[in-house]
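1. With the sequence up front, the predicted model follows.
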Amino acid sequence: MVERQSPLEPEFHVGSHGNFEHGVEILLTETRPGSIVQVAAWPGEEKKLISAIRTVAGLALPDGAGGGVSDGVKSVFGFAPGKFTVADEAEGLAAAFARVVTPAIGTVTDLSHGRTAIRIAGPKAEWVLAKFFAIDFALPAFPIGAGRSTTHHDIFVQIQRTGADQFDIYVFRSFARSFWKALCHASEEVGYEVQ
Amino acid sequence: MLITCPYCGPRDVIEFTYQGDGNRERPDPASQNFEAWNAYVYDRLNPAGDHNEIWQHSGGCRAHLKVVRNTLTHEISSVVFTRGDHGRGDHGSAARGKAEDKS
Amino acid sequence: MMAEYSAFSLLANALKGNRDWKPAWRKPDPKASYDVIIIGGGGHGLATAYYLAKEHGITNVAVLEKGWLGSGNVGRNTTAVRSNYLLPANTRFYEHSMKLWENLSHELNYNVMFSQRGCLNLAHTPAQFDDYARRGNAMRHLGVDAELMTPAQIKRLIPALDISDSARFPVVGGLMQRRAGTARHDAVAWGYARGADRRGVDIIENCEVTGFLRDGDRITGVSTSRGDIRAKKVAVAVAGSTGRVMQLAGIDTMPIESHVLQAFVTESLKPFIDTVVTFGMGHFYMSQSDKGGLIYGGDIDGYNSYAQRGNLPVVDEVMSEMLALFPGLARVRMLRSWGGVCDMSMDGSPIITAGPLPGMYLNCGWCYGGFKATPASGWCFAWTIAKDQPHDLNAPFTLDRFHRGLVIDDKGQGANPRLH
Amino acid sequence: MSPRRTDTGGRIDRLKTIRFTFDGAPYTGHAGDTLASALLAKGVTLYGRSFKYHRPRGLLTAGVEEPNALVTVLKGEVREPNIPATMVEIHDGLVAISQNRFPSLAWDINAVNQLGGKVLSAGFYYKTFMGPVFGPLKGTRFWMFCEHFIRRAAGLGSAGSAKDPARYERMNAFCDVLVVGSGPAGLMAAKAAADQGARVMLADLEPRFGGSANWSDETIDGAPAADWARRIVAQLEGRDNVRLLPRTTVWGYYDNNTLAALERVSDHKEQPGKGEPRHRYWAIRAKSVVLATGAFERPLVFPGNDRPGVMLAHAAERYANEFGVLPGERIALFTNNDSAYRAAVALKKAGAAVVAIADVRPELSPEMRKLAAEAEAEIFAGHAVVATEGGKALSGLKLQRFDMTNGALIGDARSIHADCLLMSGGWSPTIHLASQAGAKAEWNAARQAFLPPKPTQQWIGAGAFTGSFSTTEAIAEGRAAGLAAAGGQSTPAVLPVVEAVPGDPDPAPVFEIRAKGKSFVDFQHDVTAEDVRLAHREGFVSVEHLKRYTTLGMATDQGKSSNVPGLAIMAEALGKPIPEVGTTRFRPPFAPVSIGSLAAERFGDLKPERLTPMHDWHLANGATMYSAGLWYRPMIYGHAGETVEQAYVREAKATRESAGIVDVSTLGKIAVQGPDAAAFLDRVYTNMFSTLAVGKARYGLMLREDGLAFDDGTTWRLGEQDFLMTTTTANAGKVMQHLEYFLDVIWPELKVHVTSVTDEWAGAAIGGPKARQILAACVTGTAVDNATLPFMGIVRGEIAGVPVMICRLSFSGEMAFEVYSGAGHGTHVWEALVEAGKPFGLVTYGLEALGTMRIEKGHVTGAEIDGRTTARDLHLDWMLSKKKPFIGSAMMDREGLIASDRLELVGLISLDNKPLNGGAHIVEEVDEANPHGSIGHITACCYSPALGKHIALALVKGGKARQGTRAHVSDPLRNRFGPIEIVSNHFFDPDGSRMHG
């Protein structure tokens, strides 16, 4: 198996940075899931797609727009009407979905290479993300598991909250390095560690 | 300005792309009625007051929205998907209530 | 006879405590009828009245303004004057305007402060530089001045500009029109108003048109907040309000959308930049007023609006582009912002035509470039009204050009007003 | 005597001494001082020069509305001009200088302008400088000559060109209740809302919360008001549903309760913390807003009211109580209302002698007489100040009996010796944000002020903002507003008890004392009462005309103190009540905002860089990168000593001779999937796609709705319902939106999903006579021979252990293949291809060689599909299907789009063997002196190694018919003229034998 090259490589500096003498309040890392797959249902076929997600990924989606769930290995969330992003540590998820999601239900699009997954965690995660995105990151407005599609100027992202203080950001691979640099820069104020 | 996307909730206007007059009707693709085509491509309602508009939530779920917005006050009185009840059910707009913005 | 304005009259009046100055224009009540009514007391409407009187001897003219004179875009723009267009129809028209600008202060006996300090379009890639060369050559082939500049020449002209290779979009060159420049926007309205008034034109402020008087299809006058006024010819020059006014005439759809454009000014500074400059990798332009404020703007907000009020995304975008060119301005402060309502056409070019109804004449579609057009717009519109046919210069700017496929699309964006 | 620091009092830290400089001279102050208070404490009276007359000016105010005392703050080479000294918190190392003066603040040459006096009246410049009609200075020259000097005399501070090393940031915030202003009303509102559990933000532009409580000398619940405020703030600080934003100016009220605020995070520090921004720009979406922004005191308009030492009454009260500074030793007051009496008492308590209170009102209440007595001040009821004396500091003033019913001055003037004159002309509520929010202010005759109107957005007013000027009212209204904003029920409660001096909130309706001498309305812009009357005489009577003609209210303070007096003087001239003259609409920002803060995180980082998967490889292998939109692409892989032309000629030549490889990952790629995908593509493209076999690709052309060419590219059918569309790099986003629009708005019944997969795939195009051999050498799992991989065929296989998809198509005109792999494997595959190509002489090539080969082939790109050309213009009409309608088909045959004189694509060959230039025009006859008669222009040009000639593509009027004829390039911009031959755009291998192999 040939390892995938990370787009962040030259800018990925493990260790503590910024104002960390006063404590590290942000952890940044690239989660490098093996699979990132978009599954999308035709109108009216959402329930079947949701059950397909349960079958393939073993994840039960909660109700509601933008709802999602993560078990630490696999994650899923809605990001648009009838559309979901599913990520898995393992490769091969697209093929697995292709077997279950029939043309009558919807489509499967493999984005495993095309999106880069960056995790930001720590007590200041909401604070740092608020510098980029005009969405409400407070827990009641953005519950654990939920997903959001949003943009920071030219950079389109999907964000899933995977913990009280933890967010996974899916960014287009070609923009990933620029976004990563900006994220590091914005985290300097509170001290951050790259893992 | 905020637009309440029926899927994503209230979002800043920066996430949206304006696609213009929503009153226009595209003629049948095979139509040879050139007046109708011209009107569709070039002529616009441009009211001072409530306007039916198409917006795309291009920086979010990318759905297109029918928006009723007042061009004098920028007040938005209605937002729905152009596709109608698209995506209703578990992951449609149910969780955010009806697709309306009274703010 | 009103006193001529001059250094001498200024001194003579000062000695008398400035007590003898008279109003710049009269405030008459509307008459029952006129030969020509011009709806819209902005730059274009006032210039039209002036040239009707001066060039065509038609002086029984009323200009109707719903608010205070010059309250629309003539007093809300960023004051740039240029004729650096790509397509010949535009270049010829705006060059005619430029020539009128060059003598305007004398002609009006009113200092409109037209300052030919040049307009520089910055290019940031070789391909863009070639695009500008195409445009500059197009201008040169129509007898309009244009020249290319190197980064070193540009740096000498604008020392504060960042031309370093490390810039995200380095400056590779620019297209300069030296005869371009700026003018004092309010003075243009006031100067034309005074000039038209002195030739007998009635300028009637606080007079809102509420409907059209008709005889069948033919327009025979207008109803206003100050009563009905009849006229042989009714000319519409209302820019951003075109949709509203045409609706009063029963014409619901037009190849026009009204969009809001914001403009900004900084606090007053000592001379910082001596030309008009535009950014090639976004939408930003800036000059400095004689008072010292940097006057600048960017793209329209991008949605229909009559509110004369914009929103934050454009504010942020404009300031970001400003600092990309002038990183030394980060601590300078934006003093004021405002919005104008632009009549965005479907190809980015204007409409100056007789019609679309008998007895009606239409002038609109200025997008956000109407200020520099003011003299030529008034001049051509007056011609069209007086002779019932367009001058060669505005013959291409018809209303039916869209349907006929004869668009004049300088930006090549098609029927998408938001992008012109 | 002069101003000085009091012995005790003030909310400064007298134990902390801070050192700074002003105009090069060293000063000290205390922690908590502003630059204004610290300088005032040292006896400084002269702070700035006015705009037009360069008159010496002192402090008028103690806050954000200061028009006179503007300074430039220097941080090394970086300049921050026009900052009110009243808003600069001093810190060690602060360097401030005065501005708009030469050679020094005390001796300013341009003060000679004052002699111009009446000639330099309002709008004088419109009446002169037109210059002679004839001669060298005719036209605009004379004006431009004068302008040169006018510009240098005008302007305040100077901007610099050194890049600011500071960091700026934007913060997006959401809250239930935003409270603007932290005086007693704001504090009560914030507390009441927070008690309801609401998410609350409290912003104040001052460093200290408390507003007037910090200097009012009142007590609340028995404690000094400032202590009460501190207690409330401490309570709020401890709550996690409250965010406190000191030093934060809420400057903009935008649609849907979006507010913009500027937090000055580290201006008051010698050095910001690591990563700490200088300014933070808050974009706040508040469900509800409490406006508790207080009121501004107005000056009175009388001769000499601008002399240094003349100050607003409350400002002096603030300097004394908040900063422990006395603005003078012998203080006189001039007022039309009761609020000044409180200031008199405060200054007396702080140690000054209050020598006189001149009040325009003939009758004074017993309470005011009592306060005057407490201040030991002599009262002059029914008097007005008619003159002031002194140079760069006040030495005295003249009083005269005044009849406020008709403005008459009676009897002789009497002189009073004073070094400070405090004035109060009543108060104007700070309604700017409410006005920005879209509502028109309403005149209140009793308060003689514009009060906020009914809200048009979700805000509630409280305190002085609403015209309720007493602290008792502020507290009650603040609590009620906070409760209501948080959606709580209004409940009776025991409110804090305020002990304040009495006072009637309504002033006498006196704005101006008409006497001999310049009486200033707009201090900074030197607009006098006479200027307002001149505007009236000349017909500039609407409030906007008044502003624009006289520049009243257009200075850096935006008329915060001058608008109402100016309006009142115009109203009097017109004989109309003030509300009939109108009020101007306030526009953002409330107070000037640093441009850095608005650019925020994009300062120094305007746009992200979009990088292909092989980006680092290109850099490591000598590529010069070209910025194309947001992308970076290799332009050439230059060898040492090569020019750009030499490099691309070498690369193109080698490709045609053996093989070349180029990174094409930037092409837009869109997955078009679903049962209706083929039918959808038939509608989107001008040609058929439903007939395309699985495993094959086809070149497609799209038109816009108006019938003009839009974009082109190949689309690959990967499965029955699964297409991979490619677009040009530049149009990828536009095409995506175009497809989404039609699917969502026009044809919602189609079952098609479109997804951007541009970033999923790395693309390498390998072409040339040896390309197939190179592929054969490294591809496994599939053959690449002509039978397996015919022209436009697609196969899947592996390279170096990685799955790839290979499509045989050509842009270069050579036998060529596009190899797609997962982006994360892009470099891996690229390296394998390069390695496999070494024995075959494979070169890497960049955009220049790519462009050269496409010109040789006559392929079109964005330079030709420029939004003005049709398929016919580009000789692509063979792609317009007649079997089906498609987007643009109905509109493409309109008269203007089929005219014979349209610009059509042609090829050009330079006949003088000299290079051609992009953007050069084509003429039939050269006229170097007077270029004219353009028939078209060059869209792209190069030296063609294949032809050994300089060639170009061009759009030429009726171009097709001109093929085979001669013309000339005319490029006056670059002085390049020369003969050319017009030929077909297909220069090289027109029948495509090379790519078909």
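-> Sure thing, it's come through.
2. Need the phi and psi values for the closest residue to residue D:58 other than its chain neighbours.
-> Nearest residue to residue D:58 in three dimensions, chain neighbours excluded: residue D:308, at 3.0 Å (C-beta to C-beta, 6 or more residues apart in numbering or on different chains). In short, each C-beta sits where N, CA and C put it, glycine included. Phi and psi for residue D:308, reported as degrees, to the nearest 10, are phi -50, psi 130.
3. same check, this time on residue D:798
-> Dihedral angles for residue D:798 - degrees, to the nearest 10 - are phi -140, psi 150.
4. Quick one, grab the pLDDT at it.
-> As predicted, residue D:798 sits at a pLDDT of 98.
5. thinking it is in contact with residue D:781, fair?
-> Yes - here residue D:798 reaches residue D:781: they are 4.7 Å apart, a contact under C-beta atoms under 8 Å.
6. neighbour-wise, which of these two wins?
-> Neighbour totals were compared for residue D:798 and residue D:781, and residue D:798 leads with 17 against 11 (other C-beta atoms under 10 Å in any protein chain shown).
7. What's opposite that one in the beta bridge?
-> residue D:780, residue D:803 (DSSP bridges).
8. mind listing what the residue most central in space within chain B touches?
-> By C-alpha atoms, centre = their mean, chain B has its centre lying nearest to residue B:66, at 2.3 Å. Neighbour list for residue B:66: B:22, B:52-54, B:78-82 [criterion: C-beta atoms under 8 Å, 6 or more residues apart in numbering or on different chains].
9. filter the residues you listed to the buried ones?
-> Among these, those buried by neighbour count (16 or more other C-beta atoms under 10 Å in any protein chain shown) are B:22, B:53-54, B:78-82.
10. Tell me the one among those residues nearest to chain A.
-> For the buried ones among the contacts of residue B:66, the minimum distance to chain A (C-beta to the nearest C-beta) is 7.0 Å, reached by residue B:81.
11. ok, back up a step: near the residue nearest to residue D:58, how many residues? Count them for me, please.
-> 25.
12. what about it, distance to chain A?
-> Taking C-beta to the nearest C-beta, to the nearest Å as the measure, residue D:308 falls 42 Å from chain A.
13. Please look at residue D:789 and residue D:795 and confirm they touch.
-> Yes - counting by C-beta under 8 Å, residue D:789 touches residue D:795, with 5.2 Å between them.
14. More neighbours: those two, which one.
-> residue D:789 (22 against 19).
15. Let me know the secondary structure of the more buried one.
-> Per DSSP: H, G, I helix; E, B strand; the rest coil, the local secondary structure of residue D:789 is coil.
16. Please list all residues in contact with it.
-> So residue D:789 contacts D:782-783, D:795, D:806, D:808, D:817 (C-beta under 8 Å, 6+ apart).
17. Look at residue A:22 and report its pLDDT.
-> 85.
18. re the thing from before, chain D next: which of the contacts of residue B:66 are close?
-> By C-beta under 8 Å from any C-beta of the partner chain, the members of those lying near chain D are B:54, B:81-82.
19. Any idea how many residues pack against residue C:4?
-> 10.
20. Thought residue C:106 was touching it, still the case?
-> No - using C-beta under 8 Å as the test, residue C:4 is too far from residue C:106 to be in contact (11.4 Å).
21. can you tell if stretch D:31-46 touches chain C?
-> No - counting by C-beta under 8 Å from any C-beta, no contacts exist between stretch D:31-46 and chain C, the nearest distance being 15.7 Å.
22. Can you give me the buried ones in that stretch?
-> D:31-42, D:44-46.
23. Which residue is the nearest non-sequential neighbour of whatever residue of the stretch 601-750 of chain D ends up closest to chain A?
-> In the stretch 601-750 of chain D, the residue that lies nearest chain A is residue D:608 (3.5 Å; C-beta to the nearest C-beta). In this structure, residue D:608 finds its nearest non-sequential neighbour in residue A:178, 3.5 Å apart by C-beta to C-beta, 6+ apart.
24. Just to be sure, the one you found is in a strand?
-> No - read with three-state DSSP, residue A:178 is helix and lies in no strand.
25. How many residues are close by it?
-> Quick note: residue A:178 (other C-beta under 10 Å) scores 21 neighbours.
26. show me what contacts it?
-> Applying C-beta under 8 Å, 6+ apart, the residues near residue A:178 are A:155, D:608-611.
27. For those, which single residue is the most surrounded?
-> residue D:610 (27 neighbours).
28. wait, it sits on residue A:174?
-> Yes - with contact defined as C-beta under 8 Å, residue D:610 and residue A:174 form a contacting pair (4.5 Å).
29. Identify the contacts common to these two.
-> Common neighbours of residue D:610 and residue A:174 (C-beta under 8 Å, 6+ apart) are residue D:631.
30. dump the residue contacts of residue D:665.
-> A:174, D:612-614, D:758, D:761-764, D:823, D:826.
31. now those residues: which count as buried?
-> So, by 16+ other C-beta under 10 Å, the buried ones in the contacts of residue D:665 are A:174, D:612-614, D:758, D:761-764, D:823, D:826.
32. got any residues that touch both of residue D:789 and residue D:795?
-> With C-beta under 8 Å, 6+ apart as the test, residue D:789 and residue D:795 both reach D:782-783, D:806.
33. nearest to residue A:166, of the residues you listed?
-> residue D:806 (40.9 Å; C-beta to C-beta).
34. What number of residues are in the vicinity of the closest one?
-> 22.
35. quick one: it from chain A, how far?
-> 17 Å.
36. The helix or strand containing that residue: how far from the chain's middle?
-> Using DSSP states H and E, residue D:806 sits in strand D:802-807. Taking C-alpha atoms, centre = their mean, to the nearest Å, one finds strand D:802-807 lying 47 Å from the centre of the chain it belongs to.
37. On the pLDDT front, check the residue nearest to residue A:129 when sequence neighbours are not counted for me.
-> Nearest residue to residue A:129 in three dimensions, chain neighbours excluded: residue A:137, at 5.4 Å (C-beta to C-beta, 6+ apart). At residue A:137, the model reports a pLDDT of 98.
38. Any idea how many residues pack against residue A:137?
-> 19.
39. which ones are touching residue D:713?
-> D:667-668, D:699-700, D:725-728.
40. Could you report the neighbour count for residue 164?
-> Just going to use chain A. 12.
41. Hmm, no, I was thinking of chain C.
-> Neighbours of residue C:164 (other C-beta under 10 Å): 12.
42. cool, and the one 10 residues further on?
-> Counted with other C-beta under 10 Å, the burial measure for residue C:174 works out to 29 neighbours.
43. Show me the beta-bridge partners of the nearest residue to residue D:733 once chain neighbours are set aside.
-> Residue nearest to residue D:733 in three dimensions, not counting chain neighbours: residue D:668, with 7.5 Å by C-beta to C-beta, 6+ apart. Beta-bridge partners recorded for residue D:668 (DSSP bridges): residue D:727.
44. quick one: residue D:668 and chain B, what's the gap?
-> 15 Å.
45. The stretch 251-400 of chain C against chain D: which residues are in contact?
-> C:266-272, C:281-282, C:288, C:290-292, C:307, C:309, C:311-312, C:315-316, C:319-324, C:326-338.
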